[in-house]
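> Just need the structure, nothing else, for what follows:
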Amino acid sequence: MISALLKMTTSSKKSIRTTAGQLEKQLTSPTVTFILASATLGAIIYMVFLLQPAYRGDLLPYLMVIVAELFLICHGIVSFWTILSGRINPRHFHYHHAQDKLFGKKVKAERSVLRSMPVETVRKLKLYLRGKQVSVDVFIPVYGEPIEEVQETAIAARDMYGAHTTYILDDGKSDAIKLMASKIGVGYIRRPINNHAKAGNINYALSQTSGQYFVILDADFVADKTFIYETLPFFENESIAFVQTPQYYSNQNNFVSTAAGFMQHVFYSLVQVGKNRFNAAFCVGTNVMFRRSSIDAIGGIYFKSKSEDIWTSLVLHEHGFRSVYINKVLAIGKTPETIKAYSKQQLRWATGSFEIFLRHNPAFNKKLTVDQKIQYFATTAFYFNGFAVATLLLLPALQIFFNITPIALDIPFYQWALLYSGFYVTQIILSMYTMGGLKVETLMLSAASFPIYIKAFFNALTKRDESWQATNRVDSYDSPFNYIRMQTYIFIFLLLTTIIGVWKTIYTNEFSVSIAWCALNTYIFGYFIAVALRESSQMRRSNKNRRATNKRSNRPLLVKKEATT
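As a prediction, this is how the structure comes out:
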């Protein structure tokens, strides 16, 4: 069963809670402060080193290094500052008081008490805020996901603690989904016109429902029973527009899913936590609860972009509303497992960020606070690292082919390496300390993703629209190489450059560090290509087996028809 990957045992849930608790302690540890201070100091020292005229090499590669490295360093410093700021618990006295009174005066709102009650009883308990009964809707936008996956998500949403109404918002117009919704006892909404994608789907559902608060869960995110219990009490503060929780993935079982999952884990566990301090934590489209009146005040979910989540957050913050992010896993989903799924997801996210940067730049937004401007600017500018990586990839080739170098050749290699590592190695140490390890797959996938981000920039610049599809949706065989042509060309270029560099070293008897960098990049892209080859082979076999199964299942029907005739 496809959705079996999302099921969790009690021990695995405890493991996640334990990990979250350990991370929270680590973030407040003096060791983290020391690492971040060292990384910041290392970044400043490296920046000063780069800007000194005495260390400058040839002009063209030097300017390329300055632009690329300064972007990465400045973005790194903002990230360090954000992480250091994430040391406050958003749960205060008023939150805990609201949580204690969430189910009224007659029911003690404690996890142990709630878990001991029958599910049928606890999911019907009336919800209260400030002594008044409130209503909650749960929306599950659907567009072609497997019915088993949608059913598991819907059942989990239906069984959350507290009285609420769950709706499947079916843009796939599936009668099977409609029948399933009726069988398991959840609402079903099918809109007449599929305009404005997910945002349009949610806005239509809002026009058909009346809950004072609503939760959005993607079709592949199975919610914990305590989701409403953990998020709704924040809304005792009437300025809160939404409460966001992390995206956590249980299907980290191959190169792509492992790398992508860890990449998101770093963001949700470190960066998003710090954004709370600046009232700049943004919605990520799922595992989130909104106040309906706040969304009504801005005219609904933003629908002019496929990245409706961050756009909606930005507009809400412009209107003076507040947001809360809690670093507690309350829903578990699926990260992309294929290169196609990962590429489409990253392209969609990056395009949305570039749209904001180009058309609604936070740096010049008078409605935001200075802190919010910095945070949103850093978020929307993040994907420019694609250009930075592309620039740095070209430098070894310039040295090998044209003998031009960004740094003066008379500088000892150990000196440059020491200054370089002061900034970059400390980031790896921070990741290893706070996240309990380092995923090499994440570094490799991140390096190979820059063509996606460059494409996203030009998509946003030219207002080119990209079709949306469900994560990991498989209709038929679609080669991963259809989505990584540029990475393939880059691998060939790097391989040839490395070979020429080695030949040049042998011929001149002079070794250059550029050859080592080029060889390392060749290995990274080569490994990525190997992953694509394995994935392509697996998909071909899977597609062949699926067609064979369909052919066998249809054979009795044909025989029966001939006999009847």
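> For residue 248, which non-adjacent residue is spatially closest?
Using Cβ to Cβ, 6 or more residues apart in numbering and skipping the chain neighbours, the partner closest in space to residue 248 is residue 329 (4.4 Å). C-betas here are computed from N, CA, C, even on glycine.
> What ranges does this protein have for its strands?
For the chain, the strands defined by DSSP state E occupy 127-129, 132-134, 136-142, 165-170, 187-189, 213-216, 222-223, 240-244, 248-249, 288-291, 322-325, 331-333.
> can you redo those as JSON lines with mean neighbour count and mean pLDDT?
Shown next, in JSON lines, are the strands of the chain (neighbours: other Cβ atoms under 10 Å; pLDDT from 0 to 100):
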{"stretch": "strand 127-129", "mean neighbour count": "20", "mean pLDDT": "96"}
{"stretch": "strand 132-134", "mean neighbour count": "13", "mean pLDDT": "96"}
{"stretch": "strand 136-142", "mean neighbour count": "25", "mean pLDDT": "98"}
{"stretch": "strand 165-170", "mean neighbour count": "24", "mean pLDDT": "98"}
{"stretch": "strand 187-189", "mean neighbour count": "19", "mean pLDDT": "98"}
{"stretch": "strand 213-216", "mean neighbour count": "26", "mean pLDDT": "98"}
{"stretch": "strand 222-223", "mean neighbour count": "23", "mean pLDDT": "96"}
{"stretch": "strand 240-244", "mean neighbour count": "25", "mean pLDDT": "98"}
{"stretch": "strand 248-249", "mean neighbour count": "22", "mean pLDDT": "88"}
{"stretch": "strand 288-291", "mean neighbour count": "24", "mean pLDDT": "98"}
{"stretch": "strand 322-325", "mean neighbour count": "22", "mean pLDDT": "97"}
{"stretch": "strand 331-333", "mean neighbour count": "24", "mean pLDDT": "94"}
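> now those in JSON lines, with distance to residue 366?
Listed next are the strands of the chain as JSON lines, based on distance: least, Cβ to Cβ, whole Å:
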{"stretch": "strand 127-129", "distance to residue 366": "33"}
{"stretch": "strand 132-134", "distance to residue 366": "34"}
{"stretch": "strand 136-142", "distance to residue 366": "33"}
{"stretch": "strand 165-170", "distance to residue 366": "35"}
{"stretch": "strand 187-189", "distance to residue 366": "38"}
{"stretch": "strand 213-216", "distance to residue 366": "29"}
{"stretch": "strand 222-223", "distance to residue 366": "38"}
{"stretch": "strand 240-244", "distance to residue 366": "20"}
{"stretch": "strand 248-249", "distance to residue 366": "36"}
{"stretch": "strand 288-291", "distance to residue 366": "25"}
{"stretch": "strand 322-325", "distance to residue 366": "19"}
{"stretch": "strand 331-333", "distance to residue 366": "36"}
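> closest one to residue 363 among the ones you listed?
Minimum separation from residue 363 across the strands of the chain (Cβ to Cβ) falls at strand 322-325, 19.7 Å.
> Could you list the residues in contact with that closest one?
By Cβ atoms under 8 Å, 6 or more residues apart in numbering, the residues outside strand 322-325 that reach it are 90, 234, 237, 239-245, 272-273, 275-276, 279-283, 313, 316-317.
> Can you say which of those residues are buried?
Among those, those scoring as buried are 90, 234, 240-245, 272-273, 275-276, 279-283, 313, 316-317 (criterion: 16 or more other Cβ atoms under 10 Å).
> Just those residues: which are in helices?
Using DSSP state H, 272-273, 275, 313, 316-317 are the members of the buried ones among the contacts of strand 322-325 that sit in helices.
> which residues touch residue 501?
So residue 501 contacts 396, 400, 512, 514-515, 518-519 (Cβ under 8 Å, 6+ apart).
> and if you look at residue 83?
27, 32, 36, 270-271, 273-274.
> Tell me the one of these nearest residue 50?
residue 36 (21.1 Å).
> tell me the pLDDT at the closest residue in space to the closest one that isn't next to it in sequence?
Nearest residue to residue 36, sequence neighbours excluded (Cβ to Cβ, 6+ apart): residue 80, at 4.8 Å. Looking at residue 80, its pLDDT is 84.
> follow-up on the earlier one: can you tell which of the strands of the chain is closest to residue 528?
strand 248-249 (20.2 Å).
> how about the nearest residue to residue 250, chain neighbours excluded?
Nearest residue to residue 250, sequence neighbours excluded (Cβ to Cβ, 6+ apart): residue 332, at 5.1 Å.
> Isn't that neighbour up against residue 221?
Yes: between residue 332 and residue 221 a contact is recorded at 6.8 Å, counting by Cβ atoms under 8 Å.
> joint contacts of these two?
What both residue 332 and residue 221 touch, as defined by Cβ under 8 Å, 6+ apart, is an empty set.
> just to revisit the earlier point, which strand residues bridge the residue nearest to residue 250?
residue 222, residue 248 (DSSP bridges).
> I'd like to know how many residues surround residue 286.
22 (other Cβ atoms under 10 Å).
> distance of the residue lying closest to it once chain neighbours are set aside from residue 141?
Once flanking residues are discounted, residue 286 sits nearest to residue 218: 4.0 Å by Cβ to Cβ, 6+ apart. Per Cβ to Cβ, to the nearest Å, residue 218 is found 7 Å from residue 141.
> In the stretch 401-550 of the chain, where is pLDDT below threshold?
423, 430-438, 466-477, 546-550 (pLDDT under 70).
> now the helices for it?
For the stretch 401-550 of the chain, applying DSSP state H, counting those that start in this stretch gives helices covering 413-435, 440-447, 450-462, 485-508, 513-564.
> Go through the ones you listed and name the closest to residue 125.
helix 413-435 (36.9 Å).
> what sits against the nearest residue to residue 301 once chain neighbours are set aside?
Among residues not flanking residue 301 along the chain, residue 199 sits closest, at 4.5 Å (Cβ to Cβ, 6+ apart). Residues near residue 199 by Cβ under 8 Å, 6+ apart: 300-303, 308, 312.
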